[in-house]
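1. Pasted the sequence and its predicted model underneath.
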Amino acid sequence: MIKNNITAYGGKIRSGDRVKVLAGKDKGKKGKVLQVLGEKNRASVEGINLMIKHMRPRKQGEKGQKIEFPAPLNISNLLLICPKCNRSVRIKYKFLEKTGDKKAKKVRICGKCKELLD
């Protein structure tokens, strides 16, 4: 159980990031993160790990449907793509200097080109 609503995976991958898949049936493919499920360490990626759900007809005379949706992947199988150097990279962290009353802000940086990702 996770206490104080702290995400288990540490927030390395966020929605809107471009990622590369490292394992599974879609290995090597790239896509944009649609949703991150922090408590389960999973993320849904656009066009990756597509599943089909069969929906029954709700009213008489209506037809059933097949709905295709991206199922969540484990975050350990994803690697962030840096928007600056366009390579898949590990994420490092850096604290920006505090200004006045505000605390030092923790930001993500690229492990290769050292550019800010946030």
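-> Structure's in. What do you need?
2. So what touches stretch 95-103?
-> The contact list for stretch 95-103 (C-beta atoms under 8 Å, 6 or more residues apart in numbering) reads 104-107. Where you see a C-beta, it was placed from the backbone N, CA and C, and this is true even at glycine.
3. For the lengthiest strand in the chain, which helices and strands make contact with it?
-> Using DSSP state E, we find that the single longest strand of the chain is strand 30-37. Secondary-structure packing of strand 30-37 (3 or more C-beta pairs under 8 Å, 6 or more residues apart in numbering; DSSP states H and E): strand 18-21, strand 42-45.
4. I'd like to know how far residue 117 sits from residue 75.
-> Here residue 117 is placed at a distance of 16 Å from residue 75 (C-beta to C-beta, to the nearest Å).
5. As CSV, the contacts of stretch 95-103 with distance to residue 14 and secondary structure would be great.
-> Below are those laid out as CSV (distance: C-beta to C-beta, whole Å; DSSP: H, G, I helix; E, B strand; the rest coil):
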residue, distance to residue 14, secondary structure
104, 20, coil
105, 15, coil
106, 13, strand
107, 12, strand
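6. before we move on, back to that, go through the helices and strands packed on strand 30-37 and name the closest to residue 65.
-> Of all the helices and strands packed on strand 30-37, the one in closest proximity to residue 65, counting by C-beta to C-beta, is strand 42-45 (20.0 Å).
7. Could I get the CA-only coordinates of the closest one as CSV?
-> The C-alpha coordinates for strand 42-45 follow below in CSV (Å, rounded to 0.1, in the frame of the first residue of the first chain):
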residue,chain,number,x,y,z
ARG,A,42,1.4,1.4,-15.6
ALA,A,43,1.0,3.8,-18.5
SER,A,44,-1.2,3.8,-21.6
VAL,A,45,0.6,4.7,-24.8
